[in-house]
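Asks: sequence and predicted structure below; questions after.
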Amino acid sequence: ETAVFQTPNYHVTQVGNEVSFNCKQTLGHDTMYWYKQDSKKLLKIMFSYNNKQLIVNETVPRRFSPQSSDKAHLNLRIKSVEPEDSAVYLCASSFDWGGFAETLYFGSGTRLTVL
Amino acid sequence: GEKVEQHESTLSVREGDSAVINCTYTDTASSYFPWYKQEAGKSLHFVIDIRSNVDRKQSQRLTVLLDKKAKRFSLHITATQPEDSAIYFCAASTPGSFNKLTFGAGTRLAVCP
């Protein structure tokens, strides 16, 4: 049963455009994440937020910016997309028990294609 | 930073046989090791995990073994079924990393009838 909802499922755009992806979780979790999965299926964390605060910010180009309005929502904006941004962007959430590791629940992903 | 290596990129087994997927990690401080499954065209979902205070954990047909000295952990699937066919990802995280998981590259498991 899906409890992490991502929109859109797919997005095709041209180089230089701006895109935004949305994520909402209904699990009551404290922490949300954005992961990037490339064409070889490699998964890399981009950002994580705990209760609307940015807590992990990996080495990601500055054109990527996460936005959180509340702990149930985490959006991702990409200003001026590049071809290497083509990937599946996976949103996830988890409980937070004082920084201890907990199970991640993933959304179905947003597949971005940059032409 | 942490690196997680997944040794088998593909694995093919006959239905009913066992499958083993092996991972190694580099950071001795790593203490949490989950496994996720990704079926074709779908997202990831959690299958099993192990923490560093134990060296074995079983859940039905799945067993995870952890060897902290060798910095190695493995997923064992017994009595494989066609629905076990998927990409399996191992991952690791360290305490205080705010659940920042480092994933392996994935193992594509095919269970053939």
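Replies: On my side now, so go ahead.

Asks: please report the distance of A:Lys52 from chain B.
Replies: Noted for A:Lys52: a distance of 14 Å to chain B, by Cβ to the nearest Cβ, to the nearest Å. Yep, even glycine has a C-beta here, placed from its N, CA and C like the rest.

Asks: what about B:Asn53, which helix or strand?
Replies: Per DSSP states H and E: B:Asn53 is located in neither a helix nor a strand.

Asks: next, count neighbours for it.
Replies: B:Asn53 is flanked by 7 other residues according to other Cβ atoms under 10 Å in any protein chain shown.

Asks: any idea how far A:Ala92 is from it?
Replies: 25 Å (Cβ to Cβ, to the nearest Å).

Asks: same question, A:Val4
Replies: Distance from A:Val4 to A:Ala92, by Cβ to Cβ: 7 Å.

Asks: what sits in contact with each of these two?
Replies: Residues touching both A:Val4 and A:Ala92 by Cβ atoms under 8 Å, 6 or more residues apart in numbering or on different chains: A:105-107.

Asks: got a winner among these for most neighbours?
Replies: A:Gly107 (26 neighbours).

Asks: where does chain A dip in pLDDT?
Replies: Within chain A, the segments meeting pLDDT under 70 span A:1-2, A:97-99.

Asks: now do 90
Replies: For chain A, the stretches with pLDDT under 90 are A:1-2, A:30, A:48-60, A:69, A:71, A:95-102.

Asks: quick check: the residue of chain B nearest chain A.
Replies: Distances between chain B and chain A by Cβ to the nearest Cβ are smallest at B:Tyr32, namely 3.6 Å.

Asks: state the number of residues packed around the residue nearest to that residue when sequence neighbours are not counted.
Replies: Counting by Cβ to Cβ, 6 or more residues apart in numbering or on different chains, A:Ala101 is the residue found nearest to B:Tyr32 once chain neighbours are left out, at 3.6 Å. By the criterion of other Cβ under 10 Å, A:Ala101 has 25 neighbours.

Asks: which residues touch A:Ala101?
Replies: Residues near A:Ala101 by Cβ under 8 Å, 6+ apart: B:31-32, B:34, B:51, B:93, B:95, B:97, B:99, B:101.

Asks: those residues, buried ones only, as a PyMOL selection?
Replies: Buried residues within these, by 16 or more other Cβ atoms under 10 Å in any protein chain shown, are selected in PyMOL with:
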select buried, chain B and resi 31+32+34+93+97+99+101
